[in-house]
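Enquirer: pasting the structure only:
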């Protein structure tokens, strides 16, 4: 692939698709949290918010001239204005003191006069609609008897208080112009019970918690740079996805990510060093390998074969952005897959800092290899090749760990050996150190045919991968594409109308 076609996305965009994906992914646990919050708030509301009793007294203000033959609109407006003014009088001391004295409310409440006035002001409210000649006096209390007693006390004294306010007429006013103000009341001794808003509060709590936690998960999703699926890679890089490998859980060990790790975008780990624990046992393709993994490697082999852009034997480097992505295991199995297909394959271990072929392939760790060849300890390249490890598969291990891997790998002798080996093999695969951690993987960029980048699902970081792609692009080196490792298959997911299990049963028959 031409490097100029490699484009990178530098930031995430908040789209409806992203919002829906996050909601779909986290809807279950967010809903559980919201339900728990609703239950807690509902229980607390029922336990802490007392039942209240409400008594309402409605007054109607009539301000009509006793000699008037009809009611003028100005009279109605005046009555409405008086009604508004009277609402201010209800909780004044002049009214409350008379109510206390008339009905002995201080004794009922077991308080002195001052505290009784304060108590009444806290439990009495008024309500008046604009342009209305009526207004309400509302008494709210936690005891129905107190509610009724207070309502009755206010009802008894309030008309008299208003009458006293209206007895003083402006001096010089003629009798025929005298306007009276009469108050009628429509009241009931029935007290309305007001239960705690358990359902309302619970619903509000559930909605609020759901929205809050969804917003938090959406924020974390926007900040999360961990690779999860092929879609993540496609959204960030215009590079081919060569293939995806299902999780190969041969030993039963599987790294689990906690909810906090998922929210904060932290990779799954098993080892203390912050890496995925390396487990190379039973990780070579054979007849017992899960069918899905066998097919995945065949799919990758096909895509790599069609990606060839030069004449002659291609040399591909298998690397990753950081250690722990599974590149060595993939390189070994990919070489086996090519060999099984009849391709004369050479697999070279160029990771001299952390060699893994001895663990993966069972080769003696003391075997001479590439480091001895490049250090001129071994003169003849044929001496470091392990012939016929499998049919059509030869291997060159890294050899003993040298103090200067980068210097050895950058020597001209490696290029010369590769040119010689191109004439002998159909394909050459090189397992290189992580490009994002050491410089070793880039020293032979000028004479290989392409790099295969391995990323591990729920482990590899998009920023590290971006740095690797940028570095390889700067070296003017073709990038064949990505292999996404350790993908968790979804139950019931089908391809071309059949599940992998269907193909497996067919193959076994």
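Expert: Noted; the coordinates are in hand. Note that the coordinates shown come from a computational prediction; the quantities given were computed from them, not determined experimentally. Numbering: from 1, shown residues only.

Enquirer: burial of the closest residue to residue 301 other than its chain neighbours, as a residue count?
Expert: Nearest-residue entry for residue 301: residue 337, 4.8 Å, with adjacent residues in sequence omitted and distances by Cβ to Cβ, 6 or more residues apart in numbering. (Glycine included, C-beta is placed from N, CA and C.) Counted with other Cβ atoms under 10 Å, residues neighbouring residue 337 total 22.

Enquirer: Of all the residues in the strand of greatest length in the chain, which ones are buried?
Expert: Ordering each strand of the chain by length in residues (DSSP state E) puts strand 52-62 first. Buried residues in strand 52-62, counted by 16 or more other Cβ atoms under 10 Å: 52, 53, 55, 56, 57, 59, 61.

Enquirer: Using JSON lines, lay out those together with distance to residue 123.
Expert: Output for the buried residues of strand 52-62, formatted as JSON lines (distance: Cβ to Cβ, whole Å):
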{"residue": "52", "distance to residue 123": "10"}
{"residue": "53", "distance to residue 123": "11"}
{"residue": "55", "distance to residue 123": "10"}
{"residue": "56", "distance to residue 123": "13"}
{"residue": "57", "distance to residue 123": "13"}
{"residue": "59", "distance to residue 123": "18"}
{"residue": "61", "distance to residue 123": "24"}
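
Enquirer: Closest to residue 17 out of these?
Expert: The closest of the buried residues of strand 52-62 to residue 17 turns out to be residue 52 (Cβ to Cβ; 48.3 Å).

Enquirer: Which strand residues bridge the closest one?
Expert: Counting by DSSP bridges, residue 52 is bridged to residue 194.

Enquirer: how close does it get to residue 205?
Expert: Look at residue 52 and residue 205: by Cβ to Cβ, to the nearest Å, they are 21 Å apart.

Enquirer: go on, residue 132?
Expert: The gap separating residue 132 from residue 205 is 36 Å, by Cβ to Cβ.

Enquirer: Equivalent analysis for residue 17, please.
Expert: Distance from residue 17 to residue 205, by Cβ to Cβ: 30 Å.

Enquirer: These two: which is more packed in?
Expert: Under the neighbour definition other Cβ under 10 Å, residue 17 and residue 205 were set side by side, and residue 205 has more, 21 against 11.

Enquirer: What segments of the stretch 1-150 of the chain are strands?
Expert: Ranges of strands in the stretch 1-150 of the chain, per DSSP state E, counting those that start in this stretch, are 52-62, 124-128, 134-141.

Enquirer: Show me which residues of stretch 233-253 are buried.
Expert: Of the residues in stretch 233-253, 233, 236-237, 239-248, 250 count as buried by neighbour count, 16+ other Cβ under 10 Å.

Enquirer: now swap in stretch 213-228 and tell me
Expert: Residues of stretch 213-228 classed as buried by neighbour count (16+ other Cβ under 10 Å): 213, 214, 217, 218, 220, 221, 224, 225, 226, 227, 228.

Enquirer: How far does that stretch sit from its chain's centre?
Expert: With Cα atoms, centre = their mean, to the nearest Å as the basis, stretch 213-228 stands 4 Å off its chain's centre.

Enquirer: What is the longest helix belonging to the chain packed up against?
Expert: In terms of residue count, the longest helix belonging to the chain (DSSP state H) is helix 16-48. Other elements packing on helix 16-48 under the criterion 3 or more Cβ pairs under 8 Å, 6 or more residues apart in numbering; DSSP states H and E are helix 198-223.

Enquirer: quick revisit: using JSON lines, lay out the buried residues of stretch 213-228 together with distance to residue 286 and pLDDT.
Expert: Formatted as JSON lines, the buried residues of stretch 213-228 follow (distance: Cβ to Cβ, whole Å; pLDDT from 0 to 100):
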{"residue": "213", "distance to residue 286": "46", "pLDDT": "93"}
{"residue": "214", "distance to residue 286": "46", "pLDDT": "94"}
{"residue": "217", "distance to residue 286": "42", "pLDDT": "89"}
{"residue": "218", "distance to residue 286": "45", "pLDDT": "89"}
{"residue": "220", "distance to residue 286": "41", "pLDDT": "84"}
{"residue": "221", "distance to residue 286": "40", "pLDDT": "82"}
{"residue": "224", "distance to residue 286": "37", "pLDDT": "83"}
{"residue": "225", "distance to residue 286": "36", "pLDDT": "85"}
{"residue": "226", "distance to residue 286": "32", "pLDDT": "88"}
{"residue": "227", "distance to residue 286": "29", "pLDDT": "89"}
{"residue": "228", "distance to residue 286": "30", "pLDDT": "86"}
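
Enquirer: can those go into CSV with extra columns for distance to residue 333?
Expert: Below are the buried residues of stretch 213-228 laid out as CSV (distance: Cβ to Cβ, whole Å):
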residue, distance to residue 333
213, 41
214, 41
217, 36
218, 38
220, 35
221, 33
224, 30
225, 28
226, 24
227, 20
228, 23
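
Enquirer: Out of the buried residues of strand 52-62, the closest to residue 332 would be?
Expert: Closest approach to residue 332 among those (Cβ to Cβ): residue 52, at 75.2 Å.

Enquirer: Next one: the closest one relative to residue 456, how far apart?
Expert: For residue 52 relative to residue 456 (Cβ to Cβ), the value is 60 Å.

Enquirer: Neighbours of residue 338, how many?
Expert: Summarising burial for residue 338: neighbours were counted as other Cβ under 10 Å, giving 25.
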